[in-house]
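**Q** sequence and predicted structure below; questions after.
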2 protein chains.
Amino acid sequence: MTVGGRRYAILAPGLFATRSAKTAHGVIAYASDATVAVIDPEHAGERVRDAVPYLASDVPIVASLSGALAFAPNALLVGVAPPGGALPPAWRAEIVQALDAGLEVVSGLHQFLGEDPAFAAAASRGRTTIWDIRTPPAPRLFTGDAYGIDARVVLTVGSDCAVGKMTASLELTRAARERGLDARFLATGQTGIAIAGSGVPVDRTISDFTSGATEELVLANASADVLFVEGQGAINHPAFAAVTLGLLYGAAPDALVLVHAAGRTHAHGFATPLLPLPRLIELYEGLCAAVKPAPVVAIALNTHGLDDAQASTVIAAAAAETALPCDDVVRFGPHALFDAIAPQLKSKTIPTQVGISM
Amino acid sequence: MTVGGRRYAILAPGLFATRSAKTAHGVIAYASDATVAVIDPEHAGERVRDAVPYLASDVPIVASLSGALAFAPNALLVGVAPPGGALPPAWRAEIVQALDAGLEVVSGLHQFLGEDPAFAAAASRGRTTIWDIRTPPAPRLFTGDAYGIDARVVLTVGSDCAVGKMTASLELTRAARERGLDARFLATGQTGIAIAGSGVPVDRTISDFTSGATEELVLANASADVLFVEGQGAINHPAFAAVTLGLLYGAAPDALVLVHAAGRTHAHGFATPLLPLPRLIELYEGLCAAVKPAPVVAIALNTHGLDDAQASTVIAAAAAETALPCDDVVRFGPHALFDAIAPQLKSKTIPTQVGISM
């Protein structure tokens, strides 16, 4: 960890304005670590807001690491997925250059940079370190210790992948902090971990240990008032539900916030129709009832792409369909939704050892 | 793979008569590979049936590998968990001796023997190989291709861990074969894999790839009539449910057989009460309905420890409680239960692409 906070140069050649740069975008939007420059020759000379308007940031975009060094970064973030998955040779040169210049290198790639002899040697020369965000923690089985903590645990769960669970957790954390609570965002995916500076990449844990790794993250933060745990996948997603359930049981939540993207009809990448929201709530609550009861207390609806009037209409419809508070925490801010669920976070639910609700 | 079938010596010093030897017991009871000797000084001179009566086997127990070599094994199975998890020095010597003698070494240990330089060198000297059963397959995401196969897929699911899912799958496979079907047992845990000679250790896969690894196993056997997939864990188990759900979605079953141990009241290792059978059925079917509908078609009740009259009583009670065929496939054989479910295996369920049942 870089002392005094990171000052990131973000490496995203040719990709900064694309979805492949979602970790980069997340760090710029939400991280407490600063971003001082973005490296993308295709947008060199622009500001971040020119390439990605919703980020509304004046951070400069430069053509190369050499250009970025003028802004005194102390870390290089590889926060984009290279096309085809393999690291392009040009990226390798800039990563080595950054390490030689003493920058910490932080990577969200599947491929671990720290295991690459050339990068390890450069880190040694530059007296710096490489942080591969996706490195899983040591294997640990779930113990049930998370059932006994005082902090209230709120987990975001989804109707699908990529609906905005991380963002909803981040926004609700912000609202809770502004209400004076010790609220913490617990990151479980590479973008969330890059934003938070720590966390557990649950989708890279061995399935036997997914719940145990999540529980360990919760236990390490048990002294807080409220923990907002970033959800992953969806219980009804054909490919990723194992991750979702490991996280659901491992976090031992007291309450769930269901996140849905308005207009989404099928599971990401599949022909599988999404379940209606009431049926999804039944499924999530039914699973929790088997180990530790937790109600869905609100719907966080992602209305990206609609105008405000359309957004208000779909929010009202989802609230009516589920009889739960519903809002878009990005468009309208998180405070209304947080205030709606706050009373339900005042006490812990009854642990499973005492009895289960059916 | 040893040509012509394995002739196992099973290494189980001091442990053969204990639960730690469950892989050894499973191989003796169910594998097509033969066991020619068991190595356990504490029972040397006895037969298997003397140490473990239910196995009803005349295989000799000897004090050492040297003694076992008299029975011409071509493979050594390390099918027991050493106390404390670390390999005792005495075992190392016998494993090296076996490799030097040209025996294939097959291991179900967490610790991979093939990664140990001393064992690798001995295998090279003996011109033989080491098979670490728990080695996970290469990462592969679930694709949905399993939805399109002609083979009917029957998955055993549990009310808990260690209730008899593997045994139920093996017995039903036997019954289907005796009815003339090309039925295959698909192994998903170390004991099942040792018995079948192949399979996928799903609990050692990365959670993102658990469903994909299971699907790959199913696709590799798509030409059969019926696939009986060995279940793992339980959807209501606090620690292991991620494995269970990855397997449930990855196998894309057409039908489920719910396995329960009579008298079991709490999740293995936890204070969590088990759900009543009808509620469990609802949970498993509700999850399947989200991706590909599959009904629970039968209850396989493990009545170990009861007498025949008591067993018949609890079987009748479970059948009445669930309105499903129920039997103990070990005590009373698998044929009655297989015949009860066979009509439901005649056609595939409607794939999710067409529509989901709610």
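**A** Everything's here; your move. Numbering: from 1, shown residues only, chains lettered A, B, ... in the order given.

**Q** make it CA atoms for all contacts and neighbour counts henceforth
**A** OK.

**Q** so which bits of stretch A:169-176 are buried?
**A** Using 16 or more other Cα atoms under 10 Å in any protein chain shown as the test for burial, stretch A:169-176 gives A:169-176.

**Q** can you flag which of these belong to strands?
**A** When DSSP state E defines the strands, the subset of the buried residues of stretch A:169-176 inside them is empty.

**Q** looking at those residues, spot the one nearest B:L245.
**A** Ranked by distance to B:L245 (Cα to Cα), these are led by A:S169 at 24.6 Å.

**Q** I'd say the closest one and A:A187 touch.
**A** No. Using Cα atoms under 8 Å, A:S169 is not in contact with A:A187, being 9.2 Å away.

**Q** and the residue nearest to the spatial centre of chain A, how far from A:Y8?
**A** For chain A, A:G192 is the residue whose C-alpha lies nearest the centre (Cα atoms, centre = their mean; 3.1 Å). Distance of A:G192 to A:Y8, computed by Cα to Cα, to the nearest Å: 16 Å.

**Q** check A:F338 too.
**A** In this view, A:F338 and A:Y8 are 31 Å apart by Cα to Cα.

**Q** who has more neighbours out of the two?
**A** Using other Cα atoms under 10 Å in any protein chain shown, the more surrounded residue of A:F338 and A:Y8 is A:Y8, with 27 against 22.

**Q** not counting sequence-adjacent ones, nearest residue to the more buried one?
**A** Leaving aside its sequence neighbours, A:Y8 sits nearest to A:T35 (Cα to Cα, 6 or more residues apart in numbering or on different chains; 4.4 Å).

**Q** distance of the one you found relative to A:S57?
**A** Using Cα to Cα, A:T35 is found at 10 Å from A:S57.

**Q** among those two, which residue is more densely surrounded?
**A** Set A:T35 next to A:S57 and count neighbours by other Cα under 10 Å: A:T35 wins out with 24 against 16.

**Q** state the pLDDT value of A:K22.
**A** You'll see A:K22 listed with a pLDDT of 92.

**Q** so what's the residue count around A:I61?
**A** With other Cα under 10 Å as criterion, A:I61 counts 28.

**Q** what about it, which helix or strand?
**A** When elements are assigned from DSSP states H and E, A:I61 belongs to strand A:61-62.

**Q** ok, that strand: who's next to it in the sheet?
**A** In the sheet, strand A:61-62 lines up against strand A:34-39 (parallel) (DSSP bridges).

**Q** and the partner strand, average pLDDT?
**A** pLDDT averaged over strand A:34-39 gives 98.

**Q** hmm, back to that, common neighbours of A:S169 and A:A187, please.
**A** By Cα atoms under 8 Å, 6 or more residues apart in numbering or on different chains, A:S169 and A:A187 have these common neighbours: A:229-230.

**Q** how about the residues of the stretch 101-250 of chain A near chain B?
**A** A:141-144, A:202-212, A:235-246, A:249-250 (Cα under 8 Å from any Cα of the partner chain).

**Q** what about the closest residue to A:A63 other than its chain neighbours, neighbour count?
**A** Residue nearest to A:A63 in three dimensions, not counting chain neighbours: A:P41, with 4.0 Å by Cα to Cα, 6+ apart. Applying other Cα under 10 Å, we find 17 residues neighbouring A:P41.

**Q** list the contacts for A:P41?
**A** Neighbour list for A:P41: A:13-14, A:62-64 [criterion: Cα under 8 Å, 6+ apart].

**Q** just the buried ones from those?
**A** With burial judged by 16+ other Cα under 10 Å, the buried subset of the contacts of A:P41 is A:13, A:62-64.

**Q** which pair in the residues you listed spans the largest distance?
**A** A:P13 and A:V62 (9.7 Å).

**Q** spit out the residues that contact those two alike.
**A** With Cα under 8 Å, 6+ apart as the test, A:P13 and A:V62 both reach A:39-41.

**Q** show me where the stretch 1-150 of chain A has helices.
**A** A:22-30, A:48-51, A:65-69, A:89-100, A:117-125 (DSSP state H, counting those that start in this stretch).

**Q** give the buried residues for the third one.
**A** When you say that, I think you mean helix A:65-69. The neighbour-count check on helix A:65-69 (16+ other Cα under 10 Å) flags A:65, A:68-69 as buried.

**Q** chain B: which of the residues you listed is nearest?
**A** Distances from chain B to the buried residues of helix A:65-69, taken as Cα to the nearest Cα, are shortest for A:L65 (33.2 Å).

**Q** does the closest one touch A:I39 like I think?
**A** Yes. Between A:L65 and A:I39 there is a contact at 6.6 Å, judged by Cα under 8 Å.

**Q** what sits in contact with each of those two?
**A** Residues touching both A:L65 and A:I39 (Cα under 8 Å, 6+ apart): A:9, A:11.

**Q** can you pull the contacts of A:G164?
**A** When contacts are counted by Cα under 8 Å, 6+ apart, A:G164 touches A:259-261, A:302.

**Q** swap in 7 Å and give it another go.
**A** For A:G164, the contacting residues are A:259, A:302, by Cα atoms under 7 Å, 6 or more residues apart in numbering or on different chains.

**Q** so for stretch A:204-221, first residue to last residue, what's the gap.
**A** 21 Å.

**Q** kindly report the same for stretch A:99-111.
**A** Stretch A:99-111: ends 17 Å apart by Cα to Cα.

**Q** run through who's touching that stretch.
**A** Contact with stretch A:99-111 is made by A:74-79, A:81, A:122-123, A:125-134, A:190, as judged by Cα under 7 Å, 6+ apart.

**Q** out of those, which are buried?
**A** By neighbour count, with 16+ other Cα under 10 Å, the contacts of stretch A:99-111 hold A:74-79, A:81, A:122-123, A:126, A:128-134, A:190 as buried.

**Q** report pLDDT for A:L274.
**A** With respect to pLDDT, A:L274 scores 97.

**Q** now it. Nearest residue, chain neighbours left out?
**A** Closest residue in space to A:L274, ignoring its immediate chain neighbours: A:H266 at 5.0 Å, by Cα to Cα, 6+ apart.

**Q** beta partners for the one you found?
**A** Under the criterion used here (DSSP bridges), A:H266 is bridged to A:P273.

**Q** doesn't A:L275 make contact with it?
**A** No. Under the criterion of Cα atoms under 7 Å, A:H266 makes no contact with A:L275, lying 8.8 Å away.
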